[in-house]
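Asker: Predicted coordinates and the sequence they were generated for:
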Amino acid sequence: MDTYCSDCKRNTEVVFDHAAGDTVCSECGLVLESRSIDETSEWRTFADESGGDDPNRVGGPVNPLLADAGLSTVISKGPNGSNGDGSLARLQNRGGDPDRAIVLAFKAIATMADRLSLVSTIRDRASEIYKRLEDQKCTRGRNLDALVAACIYIACRQESKPRTVKEICSIANGASKKEIGRAKEFIVKQLKVEMGESMEMGTIHAGDYLRRFCSNLGMNHEEIKVVQETVQKAEEFDIRRSPISIAAAIIYMITQLSDSKKPILRDISIATTVAEGTIKNAYKDLYPHASKIIPEWSCRSGVIQISFPFFFPPTQIGDMVCSECGLVLESHSIDETSEWRTFANEAGDNDPVRVGGPTNALLSDGGLSTVISKPNGTASDFLTSSLGRWQNRGSNADRSLILAFKTIGVMSDRLGLVATIKDRANEIYKKVEDQKSSRGRNQDAILAACLYIACRQEDKPRTVKEICSVANGATKKEIGRAKEYIVKQLELEMGQSVEMGTIHAGDFMRRFCSNLGMTNQTVKAAQEAVKKSEEFDIRRSPISIAAAVIYIVTQLSEEKKPVKGNE
């Protein structure tokens, strides 16, 4: 080991005198440090009755988190149990040891940290978090494995080396994601009470996962660099996906465009612990921004085989052509929209029958399975109807999903919502369904809550009363509880708070004014009044402010004034 010597004026090799505790320069003999304390473990050799050498550990490293700093003496029973130490060990174990539970927890933390290959700073931080919990005497009766795993999860977040809940769950000795999530919330709540302020856990970014995921997939240095720059540029866009989903989708995008051996989607899903359907959906959200987020140097250097800008021409050929050089980047691509063909039934009339629906990445088979239905219920259709009954008897993993998606579609149509909100609600329900935690709950309330959250996330909020009016009998209270449950489940999956957007009074104005048949001039006045009202501290709900502003403006205008009941 080299250390700087003040006499030699350079780094020189040093010699350690363990007996005196001195550090000595090997060239000039200067004592650089004297009486230093060695905090590592000691090892001494004793002879047992068998006459062989028996290395016994005498003292461990100093640990300030323990009451005695780890300097107490522990009597252990010999390996053969033939000496008298076994009796002394039993006597000592009968006595009280205040640090026994903490030592066991620290060992569990060290074991889990080693299995995840975490650095010592994360392990020490997790030990500190658990020690603070133990000091509050609030760990009794709780799942130790879940508490320890949650401490490691929080420590990783605080040290800016986040791990997914699935990764933590894989080494948690059987503790489930739900148990770890509850333990994390409990720890954050307890530490918040202790500190008197919110606990800083840091924000998770997609780039925090990249190097580890890319290494697991065996990607080369150039591809990793492209992925990292792509993720950095993707943060400039409003892509409402969890960081880990964005990271997985960008890895999938870059690997498919590179020259090297392409990993299949399943390999990326395993390496990133993200479901294949989630990766596909995140990829669809990122694809429109591909020309802006993928660095141009990667295309010029040949790392990525694509030219920008590119587009899909509206032709029947199915080719993707570069708009600058005319190069066909992809040929005979599949049109994922619905097909319609016309067949003649027995009556001779034209009967448009749907042959194949649009692909749906949220379903396990992509929506490409064949469904046999009974067309008209006639006797000649006996074979077809029998096949349909046989098919319905079989199990279909996506049956409940399809029914839920249909219900969401019906609710969306009744509210006049755009397709993006309906798709967002479907994605939210799929995430909840993947966790298999919605059984036994009011399905209509769950679907209505998914629609409510989707409206919030797409900046097109609807009131709970409006959602309730299409919720097939679900009450406001049931929808509210379902919304809180869904948000909690999504936070467990993503590892951070769910962004739902802030509701403003102006979000409701145009729809309310349109329902009242107000003129453009009055609508404009109401919108400006709402904007100015935000400058004042009016402690009312946004929808109440919107209704009050409409009432004021209509009463002051010259047009026909609506009565209170119509508002």
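Answerer: Thanks, I have the structure now.
Asker: switch to C-alpha atoms for all contacts and neighbour counts from now on
Answerer: Noted.
Asker: In the stretch 351-500 of the chain, mark out all the strands, start to finish.
Answerer: For the stretch 351-500 of the chain, no strands turn up when DSSP state E, counting those that start in this stretch is the criterion.
Asker: Need the CA coordinates for the helix or strand harbouring residue 157. PDB is fine.
Answerer: Assigned by DSSP states H and E, residue 157 belongs to helix 144-158. The C-alpha atoms that make up helix 144-158 are tabulated as PDB, following Å, rounded to 0.1, in the frame of the first residue of the first chain:
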ATOM      1  CA  LEU A 144     -39.000  -9.200  10.200                       C
ATOM      2  CA  ASP A 145     -38.200 -10.200   6.600                       C
ATOM      3  CA  ALA A 146     -40.600  -7.600   5.200                       C
ATOM      4  CA  LEU A 147     -39.200  -4.900   7.600                       C
ATOM      5  CA  VAL A 148     -35.600  -5.700   6.700                       C
ATOM      6  CA  ALA A 149     -36.400  -5.800   2.900                       C
ATOM      7  CA  ALA A 150     -38.100  -2.500   3.200                       C
ATOM      8  CA  CYS A 151     -35.100  -1.000   5.000                       C
ATOM      9  CA  ILE A 152     -32.900  -2.100   2.100                       C
ATOM     10  CA  TYR A 153     -35.300  -0.700  -0.400                       C
ATOM     11  CA  ILE A 154     -35.400   2.700   1.300                       C
ATOM     12  CA  ALA A 155     -31.600   2.700   1.700                       C
ATOM     13  CA  CYS A 156     -31.100   2.000  -2.000                       C
ATOM     14  CA  ARG A 157     -33.400   5.000  -2.800                       C
ATOM     15  CA  GLN A 158     -31.500   7.300  -0.400                       C
END
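Asker: Find the least confident helix or strand in this protein, judged by mean pLDDT.
Answerer: Least confident helix or strand, the chain: strand 310-311 with a mean of 40, by mean pLDDT, DSSP states H and E.
Asker: Now do the SS call for residue 118.
Answerer: Residue 118 carries the three-state label coil when classified by DSSP: H, G, I helix; E, B strand; the rest coil.
Asker: For burial, what's the neighbour tally of it?
Answerer: The number of residues packed near residue 118 is 16, by other CA atoms under 10 Å.
Asker: Show me the shaky parts of the protein.
Answerer: Within the chain, the set of residues satisfying pLDDT under 70 comprises 1, 38-98, 193-199, 299-359, 364-397, 492-498, 500-501, 559-567.
Asker: thinking again about what came up before, quick check: next helix or strand after the helix holding residue 157?
Answerer: Scanning forward in sequence from helix 144-158 by DSSP H and E, the next helix or strand is helix 165-169.
Asker: now the following helix or strand past that following helix and helix 144-158, what's the angle there?
Answerer: Following the chain from helix 165-169 toward its C-terminal end, the next helix or strand by DSSP H and E is helix 177-195. Taking axes from the mean of the first three to the mean of the last three CA atoms, to 10 degrees, one finds helix 177-195 and helix 144-158 inclined to each other by 70 degrees.
Asker: Just the CA coordinates for helix 177-195, please, in CSV.
Answerer: Backbone C-alpha positions of helix 177-195 (Å, rounded to 0.1, in the frame of the first residue of the first chain) are rendered in CSV as follows:
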residue,chain,number,x,y,z
LYS,A,177,-44.6,-7.3,-2.6
LYS,A,178,-47.6,-6.3,-0.7
GLU,A,179,-46.0,-7.0,2.7
ILE,A,180,-42.8,-5.1,1.7
GLY,A,181,-44.9,-2.2,0.5
ARG,A,182,-46.8,-2.0,3.7
ALA,A,183,-43.6,-2.3,5.7
LYS,A,184,-42.1,0.6,3.7
GLU,A,185,-45.1,2.8,4.4
PHE,A,186,-44.9,1.9,8.1
ILE,A,187,-41.2,2.7,8.3
VAL,A,188,-41.6,6.1,6.4
LYS,A,189,-44.5,7.0,8.8
GLN,A,190,-42.4,6.1,11.9
LEU,A,191,-39.3,8.0,10.8
LYS,A,192,-41.5,11.0,9.8
VAL,A,193,-42.9,11.0,13.4
GLU,A,194,-39.3,10.8,14.8
MET,A,195,-37.8,13.5,12.6
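Asker: hang on, residue 537 in a strand?
Answerer: No. Secondary structure of residue 537 (three-state DSSP): coil, not part of a strand.
Asker: The helix holding residue 157 packs against which elements?
Answerer: With contacts defined as 3 or more CA pairs under 8 Å, 6 or more residues apart in numbering; DSSP states H and E, the secondary structure elements packing on helix 144-158 are helix 100-115, helix 120-135, helix 165-169, helix 177-195.
Asker: what's the angle between it and helix 100-115?
Answerer: Using the same axes, to 10 degrees: helix 144-158 against helix 100-115 is 60 degrees.
Asker: what sits against residue 435?
Answerer: Residues in contact with residue 435, defined by CA atoms under 8 Å, 6 or more residues apart in numbering, are absent; none qualify.
Asker: what's the distance between it and residue 8?
Answerer: Between residue 435 and residue 8 the distance, using CA to CA, to the nearest Å, works out to 65 Å.
Asker: and what of residue 219?
Answerer: As defined by CA to CA, residue 219 lies at a distance of 46 Å from residue 8.
Asker: So which of these two has more stuff around it?
Answerer: Neighbour totals were compared for residue 219 and residue 8, and residue 219 leads with 18 against 12 (other CA under 10 Å).
Asker: contacting residues for residue 489?
Answerer: Residue 489 is in contact with residue 432, counting by CA under 8 Å, 6+ apart.
Asker: What distance do you get for it to residue 420?
Answerer: 22 Å.
Asker: again, but for residue 32
Answerer: Residue 32 is 69 Å from residue 420, by CA to CA.
Asker: between the two, which one's more packed in?
Answerer: Set side by side, residue 32 and residue 420 give different neighbour counts by other CA under 10 Å, the larger being at residue 32 (16 against 12).
Asker: wait, is that one part of a helix?
Answerer: No. With three-state DSSP as the criterion, residue 32 is located in strand rather than a helix.
Asker: What ranges does the stretch 351-500 of the chain have for its helices?
Answerer: Listed in chain order, the helices of the stretch 351-500 of the chain (DSSP state H, counting those that start in this stretch) span 382-393, 399-415, 419-434, 443-457, 464-468, 476-494.
Asker: Just say which of the ones you listed is most tucked in.
Answerer: For those, ranked by mean neighbour count under the definition mean count of other CA atoms under 10 Å, the leader is helix 443-457 at a mean of 25.
Asker: export that one as PDB, just CAs?
Answerer: Provided in PDB are the C-alpha atoms of helix 443-457 (Å, rounded to 0.1, in the frame of the first residue of the first chain):
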ATOM      1  CA  GLN A 443     -65.700  -4.600 -10.100                       C
ATOM      2  CA  ASP A 444     -67.800  -1.600 -11.300                       C
ATOM      3  CA  ALA A 445     -66.200   0.600  -8.700                       C
ATOM      4  CA  ILE A 446     -62.700  -0.500  -9.700                       C
ATOM      5  CA  LEU A 447     -63.400   0.200 -13.400                       C
ATOM      6  CA  ALA A 448     -65.000   3.600 -12.600                       C
ATOM      7  CA  ALA A 449     -62.000   4.500 -10.500                       C
ATOM      8  CA  CYS A 450     -59.600   3.500 -13.300                       C
ATOM      9  CA  LEU A 451     -61.600   5.800 -15.600                       C
ATOM     10  CA  TYR A 452     -61.400   8.600 -13.000                       C
ATOM     11  CA  ILE A 453     -57.600   8.300 -12.600                       C
ATOM     12  CA  ALA A 454     -57.100   8.100 -16.400                       C
ATOM     13  CA  CYS A 455     -59.100  11.400 -16.900                       C
ATOM     14  CA  ARG A 456     -56.900  13.000 -14.200                       C
ATOM     15  CA  GLN A 457     -53.700  11.800 -15.900                       C
END
